[in-house]
Structure formats: structure tokens, C-alpha cells
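A.B. asks: Give me coordinates for this.
(chains A and B)
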Amino acid sequence: MEFVSELLISFFLVVAGIFGLVGSFGMIKLRDTMQRLHAPTKATTLGVGGVLIASMLYFLLVEGALSFHELLITLFLFLTAPITANFIAKTYLQANLRQSDLPGTESEYGWSVYQDPPKRSDEG
Amino acid sequence: MITAALYFAFGCFGLGLLFNLWRIATGPDSADRILALDTMVINLIALLILYGVMKGTTVYYEASMLVAMVGFVSTVAYCRFVLRGDIIE
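C.D. replies: From the prediction side, this is the model:
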């Protein structure tokens, strides 16, 4: 039983390390900023999730104490990673591309990076 | 076995930090540098939790929670500053 739990924790640690390394390696390997945006926001977040699972299993199986702090950190990271990716993509669009370089939005309003927000009707 | 896996994960995330430092030094754009700083914060959280597992203490969860919050807020503030020239309008 002890061997099985050690094997499980070590498996999660190794998988998390590989995911984190792949995510950071993508930062120097990929060519374009928009391509580079994919590697850290997905792979590295998953790597941290693996580390947190391994830590939770370690304190549950080896130390015998159940703790939920890790779940809080995982939830926070998984909530904030898409928001930071969206902000960084907006920064890149605003610095390097004009509205004429991009396809249309096929709606009444244009891209939010370049245009002011539409006026609400109850504001007059 | 856990110790060997811990050292492997330490090596992976430490190497990842070096890659991010390279991207901060050479990144052609400010968006690249913001992205590399955000990834550094995430790698740092992983290193803190691994250190807590190695020492067998739960103190480092609070530290990593604080680092996660400060990292998110600073990334958003930096992006707002580059986008609009102002953080709170």
C-alpha cells in the first residue's frame, strides 16, 4: 500500500515536471508572439495542477492530513490563466496590428481593442 | 522514490525559469515580456509547493496563494498600463 501511494505521488510529480518544462520550452521554441501565448497559458498551468495534486496526495497518504488549500490555488490559477491570456493578446493586437489587418467581426460593433464601447440606451 | 521525483520536478521547473529569463531578455515585444513574467510567477508557485512537500510542512500554501494573487494583479496592471496608459481609469 505504501509502495502504491509512493508510485502515485512520484507519477504525478514527474508528469507535472514534464508539462511545466514543455510549457516553458515553448516560450523559446515557438516563432510568433501569438503562438507563444499558447504554451505557458495551457501547459504550465496544467503542470502546476499536477504539482498540486501530488502535494495533496502526499499530505493525505504519507502525513495523514487532508487539506483543501491546494484546490483553492488550482481554482484560482485555472480561473485567472484565460484572463491574463486575453489581456496579453489585447496588448499584442494594440501594439502590432491595425483594424484593417484583421477580419471583420460580423456584428454591429468592431474589435473592442480599437473601438469605444457602444453606448447603453439607458444612459441617454 | 518520492525524493528522486521531487528533484526531477525541481530541475524541470528551474530550467523553465531559465527559459523564461531568456525570453524576458530577448523578447522583441512588451507582450512577450509580460507573458514571460506571468509564466515565471506560475513556475515560482510550483517551486514553492514542491519545497513545501520536501520539507513536509503546509506553511508554503499560504505563500504560494499570495504569490498567485500578486502575480495575477501585477500582470493585469502591466497590461492595462501598456494598453491604455493608465491602470485605474
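A.B. asks: Now chain A against chain B: closest residue?
C.D. replies: Per CB to the nearest CB, residue A:24 is where chain A lies closest to chain B, at 3.0 Å. Glycine gets a C-beta too; all of them are placed from N, C-alpha and C.
A.B. asks: Kindly provide the distance from that residue to residue B:4.
C.D. replies: Distance of residue A:24 to residue B:4, computed by CB to CB, to the nearest Å: 21 Å.
A.B. asks: Compare the two and say which one has the larger neighbour count.
C.D. replies: Per other CB atoms under 10 Å in any protein chain shown, whichever of residue A:24 and residue B:4 has more neighbours is residue A:24, with 32 against 11.
A.B. asks: I'd say the more buried one and residue A:44 touch.
C.D. replies: Yes - using CB atoms under 8 Å, residue A:24 is in contact with residue A:44, at 6.5 Å.
A.B. asks: Return every residue with contacts to both of the two.
C.D. replies: Between them, residue A:24 and residue A:44 share these contacting residues under CB atoms under 8 Å, 6 or more residues apart in numbering or on different chains: B:16, B:39, B:43.
A.B. asks: Quick check: which helices or strands does the particular helix or strand that has the last one in it pack against?
C.D. replies: Using DSSP states H and E, residue B:43 falls within helix B:30-55. Judged by 3 or more CB pairs under 8 Å, 6 or more residues apart in numbering or on different chains; DSSP states H and E, the packing partners of helix B:30-55 are helix A:2-29, helix A:33-36, helix A:45-61, helix A:69-96, helix B:2-26, helix B:59-84.
A.B. asks: mean confidence score for the first one?
C.D. replies: Right, helix A:2-29. Per-residue pLDDT over helix A:2-29 has a mean of 91.
A.B. asks: Tell me, how many residues neighbour residue 13?
C.D. replies: With no chain named, the answer covers chain A. Residues contacting residue A:13 under the criterion other CB under 10 Å number 29.
A.B. asks: actually it's chain B I care about, not the one you picked
C.D. replies: The local packing of residue B:13 (other CB under 10 Å) involves 27 other residues.
A.B. asks: do the same with the one 5 residues further on
C.D. replies: Using other CB under 10 Å, residue B:18 has 11 other residues around it.
A.B. asks: who's in contact with it?
C.D. replies: Neighbours of residue B:18 in contact, by CB under 8 Å, 6+ apart: none.
A.B. asks: per-residue confidence for it?
C.D. replies: Residue B:18 carries a pLDDT score of 94 in this model.
A.B. asks: ditto for residue A:106
C.D. replies: For residue A:106, the pLDDT comes out at 79.
A.B. asks: Can you classify it as helix, strand or coil?
C.D. replies: What DSSP: H, G, I helix; E, B strand; the rest coil gives for residue A:106 is coil.
A.B. asks: Now do the contacts for residue A:57.
C.D. replies: Contacts of residue A:57 by CB under 8 Å, 6+ apart are A:5, A:8-9, A:12.
A.B. asks: Was I right to think residue A:56 contacts residue A:62?
C.D. replies: No - counting by CB under 8 Å, residue A:56 does not reach residue A:62; the two are 11.2 Å apart.
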